[in-house]
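1. A structural model of the following input is requested.
(4 chains)
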Number of protein chains: 2
Amino acid sequence: MDKVVDQEVVDKVMNSLPDEEILYDVAELFKIFGDSTRIRIICALFTSEMCVYDLAACLKMNQSAISHQLRILKANKLVKNRREGKMMYYSLDDEHVKSIFEAGYAHIMEEK
Amino acid sequence: MDKVVDQEVVDKVMNSLPDEEILYDVAELFKIFGDSTRIRIICALFTSEMCVYDLAACLKMNQSAISHQLRILKANKLVKNRREGKMMYYSLDDEHVKSIFEAGYAHIMEEK
DNA sequence: CTATCATATGAATATATGTTCATATGAATA
DNA sequence: TATTCATATGAACATATATTCATATGATAG
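-> All right, here's what the predicted structure looks like:
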């Protein structure tokens, strides 16, 4: 006899899944957190708002790389910025950023 | 006068950053969540353990793609599996999986 | 207005990664 | 043991993305 799907289970699971579009957005959000440069930027901003130049110094990366990543973070509303003269100060834009980070961080620390 | 880093801020931030290796691991973890196929697999497994065949049916994807992603999820200890005859049942392997997902999900839902 | 500084951005490059196809593996059954 | 079914896996391909380099933009000081 051929294997067929367990229709009962499949139906139950399919009904429980959030909309595909929502899950796509959730994945896109996690993708933002899924890069070590961006995670380090986010972590740095937990402590203090910073300008691009100082962020680059902290992370020992060049200014352009930081700028590109800040652009992505800002486009996803995870950071915001304010200008002060020539300098642009970045800070976190959402309380969720910390809770998301901490959920992942807890998982990693438990493994150690 | 040349701009120099704000050494005080930079020092404070650098001291607050977790080890680079930890942050790398955190980023790697979020990267796993940062793919819509894997997020959908994870979500499906919130409801019920499932075999590969049924998972593929739920997500309307081919078996190979699901298998490849399950392999990644398992390598990262987010899912575990048990064999029952020919079938391999997958389920979530860690309580953190749900808390991580929910942190991201909450952020997305708030935007809607 | 010009020069300089801080930041942003486009193009190019290298690398990573997801899916598909073909096929292998491993278990059950005839 | 040969066949069939469920799953796993390697290779190939296409796509996405992070960084660097060069340069543009925007703001301030002289």
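2. Identify the residues contacting the host helix or strand of A:Asp54?
-> Take DSSP states H and E as the rule and A:Asp54 turns out to sit in helix A:52-59. Residues outside helix A:52-59 that contact it (CB atoms under 8 Å, 6 or more residues apart in numbering or on different chains): A:37, A:40-41, A:44, A:50, A:62-63, A:65-67, A:70, A:87-88, A:90, B:3, B:5-6, B:9-10, B:13-14, B:17. Yep, even glycine has a C-beta here, placed from its N, CA and C like the rest.
3. ditto for stretch A:101-112
-> For stretch A:101-112, the external contacting residues (CB under 8 Å, 6+ apart) are A:33, A:39, A:42-43, A:46, B:18, B:22, B:25-26, B:29-30, B:77, B:94, B:96, B:99-100, B:102-103.
4. Just the CA trace of that stretch, in CSV.
-> Output of stretch A:101-112 as CSV, limited to C-alpha atoms (Å, rounded to 0.1, in the frame of the first residue of the first chain):
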residue,chain,number,x,y,z
PHE,A,101,18.8,39.4,20.7
GLU,A,102,18.4,38.1,24.2
ALA,A,103,16.4,35.1,23.1
GLY,A,104,19.1,34.0,20.8
TYR,A,105,21.9,34.9,23.2
ALA,A,106,20.3,32.7,25.9
HIS,A,107,20.3,29.8,23.6
ILE,A,108,23.9,30.2,22.7
MET,A,109,25.0,30.7,26.3
GLU,A,110,23.2,27.6,27.5
GLU,A,111,25.2,25.5,25.1
LYS,A,112,28.5,26.7,26.5
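5. Point out the other helices and strands that the helix or strand in which A:Met88 is found packs with.
-> Using DSSP H and E, A:Met88 sits within strand A:87-92. Judged by 3 or more CB pairs under 8 Å, 6 or more residues apart in numbering or on different chains; DSSP states H and E, strand A:87-92 is in contact with helix A:36-47, strand A:50-51, helix A:52-59, helix A:63-75, strand A:79-84.
6. what stretches of chain A score poorly on pLDDT?
-> A:1-4, A:112 (pLDDT under 70).
7. center of it - which residue?
-> Nearest to the mean C-alpha position of chain A, by CA atoms, centre = their mean, lies A:Phe33 at 2.9 Å.
8. Please give me every residue in contact with it.
-> A:Phe33 neighbours (CB under 8 Å, 6+ apart): A:39, A:42, A:100-101, A:104, B:26-27, B:30, B:33-34.
9. residues in chain A within reach of DNA strand C, list them.
-> Taking CB under 7 Å from any atom of the strand as the contact definition, chain A meets DNA strand C at A:51-53, A:63-64, A:67-68, A:70-71, A:81, A:86-88.
10. Could you give me the buried positions within the strand holding A:Met88?
-> Judged by neighbour count (16 or more other CB atoms under 10 Å in any protein chain shown), strand A:87-92 contains these buried residues: A:89-90, A:92.
11. got the angle for whichever helix or strand comes after it vs strand A:87-92?
-> Helices and strands here follow DSSP H and E; after strand A:87-92, the next one along the chain is helix A:95-111. Angle of helix A:95-111 versus strand A:87-92, following axes from the mean of the first three to the mean of the last three CA atoms, to 10 degrees, is 60 degrees.
12. about what we covered before: next one: the residue nearest to the centre of chain A relative to B:Phe30, how far apart?
-> 4 Å (CB to CB, to the nearest Å).
13. Could you do A:Asp25 as well?
-> A:Asp25 is 15 Å from B:Phe30, where distance means CB to CB.
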